[in-house]
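> predicted structure and sequence below. I'll ask about it afterward.
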Amino acid sequence: MEMLHHILFGFQVAMTPANLLYCFFGVLLGTLIGVLPGLGPVATISILMPITLSISPVSAIIMLSGIYYGAQYGGSTTSILINVPGEATSVVTCIDGYKMALQGRAGPALGISAIGSFIGGMVSLLGVMLLAAPLANFALRFGPPEYFSLIFLSLTIVSGLGTGSTLKALLMAGLGMLTGAIGMDMSTGIPRFTFGIRTLYDGVGLVPAIMGLFGIGEILTNIEEKLELDIFKTKIKRILPSREDWVRSRGPIGRGTLIGFFLGVIPGGGALISTFASYAVEKKISRHPEQFGQGAIEGVAGPETANNAGAQSSFIPMLALGIPPNVVLAVLISALIIHGIQPGPLLLAKHPDLFWGVITSMFVGNAMLLILNLPLVGLWVQLLRVPYTYLFPAILLFCLVGVYSITNNYVEILLMVFFGVVGYLMRKFDFEPAPFVMGLVLSSMMENAFRQSLTLSEGSMTIFFTRPISALLMAVGLGVLVCYVVLGVRKRERGAG
Amino acid sequence: MGKRMICVLLVCSLGPLALNLERSFAQEAYPTKPITMLVPFPPGGLSDTTARSYAGAVQKITGQPLVVVNKPGAGGTIAVDALQAAKPDGYTLLESSASTLAHGMFTQGVSWGPKDFTVILGHSLYNFAFVVRADAPWKNFDEWVQYVRQNPPFKYGCYGNLVTMHIVMEWIGKRLGLKLVPVHFKGDAEGTQNVLGGHIMGHCYAGGQDALIKAGKMKTLIQVTGEPCDADPKSVAKLKEVLPDAPVDIIALPRGIFGPKGMPETLQAKVADVFRKATVENPEFIRTHQLMKMEVKYFGPKDLETAIQKAHSGFGELIKSLGLERK
């Protein structure tokens, strides 16, 4: 079969000693960056770009891609251990992962995370190889109305993210959406809620918000409570997941792979949305939904698998069409251009060694990451034994450096501290940051998609229902809403009666 | 207390002396330490790719590294603010479109203008064009004009608000009496995605459309600056030929390198010399820009200054006549 021929060719390219080394270096660096909160693949890739100019384009892309998906593996580590997400895609992992760590089950959480990421990555890659062209075309069919409907659907399941009161979760999501409105409006150029602060013209950055709410907020809370972290010292039970953990995680991993794979192809945040979606789906399907938020391993297995599957499938629009789905891959495209390779629909035809070499190197990279991360679980768990008095200044430092490294703008640091205080207050009054983050991420995307759609339809709202994909998504979203209302009414009737 | 006061006074008086010494030495040999190049957009964009394409050459020519610092945000004006805060000693520069400096007052509401910078040089032109799907029913610009007249309004994609191509399209619309409605996308990637998916018929580009045109997915309808990327460039209408009164000089400006206000002329010349060698005379720079189909063209400091001044004074009127001024 021709496909087999391509794959063998790809392995020939990817398995040269030099490329293997570059792949290893890339995934190792990526894991480290993923672990360190705030520092992201973008800054690293752009710093390394001059070095990659002296090596062959294929090797350069293999290394740089390794950094990207390696970071997805590492991002869950700090989410689980210290409730600080290493990457935006690891926010959801904090919810149950950290609770598991507090129960002395950090080992299984980290282990399932690595294994799920591996399975998700591999299966997703198979999909990339076999379905790149049709999937790219599928992704293209998502225009503004489809984006709007997809986000609408995502928002209807946002209450699934809340572990406590649904009302509070919705309140936080609403607040997040309001915060997402801050910035210069795309269509009219009018700054909204910026108070003249230039840094806010592009909106509230996701990284300062997340680092602040989760990182700084967590530190402030812990310092105040002088947390009984002796729990860590006594109760680190197992390093590997138990048999029961396996059984419970099988389904979430499978579903997470599918969710991550399909949503990751959609440019512009698909991989991020897939983590929220996976968590919400697992919670809805689970026979013990009340365990979510208290350390349910499904809440770690699903999203972690999804974010890695999404990271792999997000290469499809880039390799097949030359369209970068996010900032990291945009930097990769720039690296290609500097190397004299023009990304676009002709990339496969003109540079088959690049296309197949990179894809097969990702198989190798995922395998390397599993081998790297599993033994490291024991090491990471030991980190919990470090007294918090030494740990939190280090976390604080990484957050500060990380946020600054992205835009070299000190105002973002101030923003982060502000959100830190907000995060602390949220925890004090029993509100949750996760729905807030989801609202923040989705609101500007949703608004832009809405206005683009209405411009295209010249003001008619029917555009959301006349296009097939959009109509389907809206129908499901409305259906979910109706279910909530009906169930809510029934619950109240039962309670009253 | 007396002794301490004397010490403090001594240091205070010697300090400026030391600074002066440093400055006069710096004027002799440039550069003697790393140069910071501010880039107003995130990594991966056109400005960033450009800066990195000459960074290596600067190091080879001068022995000092060029450090690219991305300061994205607010349409490129945050990087400009950072430039203004820097010393005019040639060690902090900005890679930017001259348009940001010439038009910023009108498009971003900033208080600075062309007088607040030292122009080093211009090195390339954007490839401004309006590009449509290859299977669009209009074969050329005239057919498109006909179509729009018969089927108003026409929706086109644009990568920003009050950016160069937006103003060009608004001008064309007013000039030819066409109803053109912009759909604003967040950058070229989103625009390209929507054109390829058939959600919109065309999108405005500043460069980077070459790959898609070569692959046969798109075709240029009207070219504003630079050469069309299509297989038969002669067949593509050029704005200045079709509508000679188009104010292209006021709207579309070159891309170049700039320094803070107050750089002495000798220093300006030295810096210009270094960067001229690293850009328009550097084969790697030329190759990268050929790939992005952005014409490499040298603009000396005085020429570019004049162009920017002209663009700045004409822009206010233009915006007002198009009804685009900020309220």
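Nice, I can see it. Remember, it's a predicted structure, so these values are computed and weren't measured experimentally.
> can you read off the pLDDT for A:V265?
Predicted confidence (pLDDT) for A:V265: 85.
> contacting residues for it?
By CB atoms under 8 Å, 6 or more residues apart in numbering or on different chains, the contact list for A:V265 reads A:135-136, A:138-139, A:313-314, A:316-317, A:325. From N, CA and C alone the C-beta is placed, and that goes for glycine too.
> hmm, try it at 10 Å
A:124, A:127-128, A:131-132, A:135-136, A:138-140, A:142, A:271, A:310, A:312-317, A:320, A:325 (CB atoms under 10 Å, 6 or more residues apart in numbering or on different chains).
> please apply the same query to A:Q294.
Per CB under 10 Å, 6+ apart, neighbours of A:Q294: A:95-96, A:99-100, A:102-103, A:163, A:288.
> which helix or which strand is home to the closest residue to A:T156 other than its chain neighbours?
Nearest residue to A:T156, sequence neighbours excluded (CB to CB, 6 or more residues apart in numbering or on different chains): A:V480, at 4.4 Å. Using DSSP states H and E, A:V480 falls within helix A:468-496.
> before we move on, the earlier item: go ahead and confirm the residue nearest to A:T156 touches A:V281.
No - at 11.4 Å, A:V480 and A:V281 do not qualify as touching, with contact defined as CB atoms under 10 Å.
> and A:P345, how far from chain B?
4 Å (CB to the nearest CB, to the nearest Å).
> what about that residue, which helix or strand?
Using DSSP H and E, A:P345 sits in no helix or strand.
> so what's the residue count around it?
19 (other CB atoms under 10 Å in any protein chain shown).
> please apply the same query to B:I172.
Count around B:I172 with other CB under 10 Å applied: 21.
> related to what we said a few turns ago, out of the contacts of A:Q294, who's the most crowded?
Ranking the contacts of A:Q294 using other CB under 10 Å puts A:D96 first, with 29 neighbours.
> mean pLDDT per helix and strand in chain A: which one sits at the bottom?
In chain A, the helix or strand scored least confidently by mean pLDDT, DSSP states H and E is helix A:230-235, which has a mean of 47.
> what stretches of the chain score poorly on pLDDT?
I'll assume chain A. Counting by pLDDT under 70, chain A shows low-confidence ranges at A:1, A:38, A:158-164, A:226-239, A:269, A:495-497.
> hm, I was asking about chain B
Low-confidence segments of chain B (pLDDT under 70): B:1-2, B:4-28, B:326-327.
> tell me the helices and strands packed up against the helix holding A:V480.
Secondary-structure packing of helix A:468-496 (3 or more CB pairs under 10 Å, 6 or more residues apart in numbering or on different chains; DSSP states H and E): helix A:144-156, helix A:463-466.
> could you dump the ones you listed into a markdown table and include distance to B:M37 and mean neighbour count?
Listed next are the helices and strands packed on helix A:468-496 as a markdown table, based on distance: least, CB to CB, whole Å; neighbours: other CB atoms under 10 Å in any protein chain shown:
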| stretch | distance to B:M37 | mean neighbour count |
| --- | --- | --- |
| helix A:144-156 | 35 | 24 |
| helix A:463-466 | 44 | 16 |
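> out of those helices, nearest to B:K71?
For the helices and strands packed on helix A:468-496, the distance to B:K71 is smallest for helix A:144-156, at 29.3 Å, taking CB to CB.
> any residue of the helix or strand just after that closest one touching chain B?
The helix or strand immediately downstream of helix A:144-156 is helix A:166-180, counting by DSSP H and E. No - on the criterion CB under 10 Å from any CB of the partner chain, helix A:166-180 is out of touch with chain B, staying 13.7 Å away.
> any buried residues in helix A:166-180, and which?
Within helix A:166-180, the residues that count as buried by 16 or more other CB atoms under 10 Å in any protein chain shown are A:168-173, A:175-177, A:179-180.
> before we move on, what SS does the residue of chain B found nearest chain A have?
Closest contact between chain B and chain A, by CB to the nearest CB, is at B:A211 (2.8 Å). Assigned with DSSP: H, G, I helix; E, B strand; the rest coil, B:A211 falls in the helix class.
> surely it touches B:D188?
No - contact criterion CB under 10 Å: B:A211 and B:D188 do not qualify, at 11.2 Å.
> how does chain B divide into domains?
Domains of chain B are assigned by automatic domain parsing as B:32-125+B:253-322, B:129-249.
> can I get these in JSON lines with distance to A:S79?
Listed next are these as JSON lines, based on distance: least, CB to CB, whole Å:
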{"stretch": "domain B:32-125+B:253-322", "distance to A:S79": "25"}
{"stretch": "domain B:129-249", "distance to A:S79": "28"}
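> interface residues of the stretch 201-327 of chain B facing chain A?
Proximity of the stretch 201-327 of chain B to chain A (CB under 10 Å from any CB) is limited to residues B:208-217, B:284, B:287-293, B:324, B:326-327.
> select only the buried ones of those in ChimeraX?
A single ChimeraX command selects the buried members of those (16+ other CB under 10 Å):
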select /B:208,209,210,211,212,213,214,215,217,284,288,289,291,292,293,324
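> name the nearest residue to A:I45, ignoring sequence neighbours.
Excluding the flanking residues, the one nearest A:I45 by CB to CB, 6+ apart is A:V331, at 4.8 Å.
> got a list of what the residue in chain A positioned nearest to chain B touches?
Among the residues of chain A, A:G344 lies closest to chain B, at 2.8 Å counting by CB to the nearest CB. By CB under 10 Å, 6+ apart, the residues touching A:G344 are A:319-323, A:333, A:336, A:350, B:192, B:208-215, B:217.
> now with 8 Å?
A:321-322, B:211-212, B:214-215.
> in JSON lines: these, plus distance to A:A18.
Below are those laid out as JSON lines (distance: CB to CB, whole Å):
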{"residue": "A:L321", "distance to A:A18": "29"}
{"residue": "A:G322", "distance to A:A18": "26"}
{"residue": "B:A211", "distance to A:A18": "28"}
{"residue": "B:L212", "distance to A:A18": "33"}
{"residue": "B:K214", "distance to A:A18": "31"}
{"residue": "B:A215", "distance to A:A18": "31"}
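> quick check: the two most widely separated of those residues?
A:L321 and B:K214 (13.2 Å).
> chain center to the helix holding A:V480: distance?
Centre-to-centre, helix A:468-496 and its host chain are 27 Å apart (CA atoms, centre = their mean, to the nearest Å).
> for the residue nearest to A:F193 when sequence neighbours are not counted, give its distance to B:K174.
Computed as CB to CB, 6+ apart, the closest residue to A:F193 that is not its neighbour in sequence is A:I182, at 4.3 Å. A:I182 sits 33 Å away from B:K174, going by CB to CB, to the nearest Å.
> tell me which of the two has more neighbours.
A:I182 (20 against 13).
> near chain A, which residues of the stretch 1-150 of chain B?
Counting by CB under 8 Å from any CB of the partner chain, the residues of the stretch 1-150 of chain B close to chain A are B:42-45, B:48-49, B:52-53, B:55-56, B:68-75, B:77-78, B:81, B:107.
> right, I'll call it a day here.
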